[in-house]
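[1] could you look at this predicted model? Sequence included:
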Amino acid sequence: MWEVLCEVGAGLRPSERTAAVPDVYGDRHHLRVEAGFLAEVDGKSYLPVGLIGVDEAKQLALVELPHESDAGINRLWVRMGNLRKIEPAKAVS
């Protein structure tokens, strides 16, 4: 599973947040999500995304957002340095 660096602001309800995900062009794509959907690591916030493809030469990744942004975008190119891979929890038997 992958997460992308984002900026977090208030949502419309106390349980919501607005996540702003920067793309490679400097634009920010805003999504409203439940507060518990975001992860915080070392003072930075991350939004779960799907990894669609990677351009190794340019160090870019095409990611799919969990739902459409305010601008109607579902996928965007982000810098590889803004991605974080997380390992799924292993089931205890």
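    Cool, got the structure.

[2] which residues does the closest residue to residue 1 other than its chain neighbours contact?
    In this structure, residue 1 finds its nearest non-sequential neighbour in residue 86, 5.2 Å apart by CB to CB, 6 or more residues apart in numbering. Heads up, the C-betas are built off the backbone N, CA and C, glycines and all. Counting by CB atoms under 8 Å, 6 or more residues apart in numbering, residue 86 touches 1, 2, 3, 39.

[3] can I get those in a markdown table with distance to residue 14, pLDDT and neighbour count?
    Output for the contacts of residue 86, formatted as a markdown table (distance: CB to CB, whole Å; pLDDT from 0 to 100; neighbours: other CB atoms under 10 Å):
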| residue | distance to residue 14 | pLDDT | neighbour count |
| --- | --- | --- | --- |
| 1 | 27 | 90 | 11 |
| 2 | 28 | 97 | 17 |
| 3 | 23 | 97 | 20 |
| 39 | 19 | 96 | 14 |
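
[4] okay, and which of those map to strands?
    Among the contacts of residue 86, the members found in strands (DSSP state E) are 2, 3, 39.

[5] wait, isn't the first one in contact with residue 49?
    Yes. The pair residue 2 and residue 49 passes the contact test of CB atoms under 8 Å, sitting 5.5 Å apart.

[6] just checking, what packs against the longest strand along the chain?
    When the chain is parsed with DSSP E, its longest strand is strand 44-55. Strand 44-55 is packed against strand 2-10, strand 16-22, strand 39-41, strand 60-64, strand 83-85, with contacts defined by 3 or more CB pairs under 8 Å, 6 or more residues apart in numbering; DSSP states H and E.

[7] ok, which of the ones you listed comes nearest residue 70?
    strand 16-22 (8.9 Å; CB to CB).
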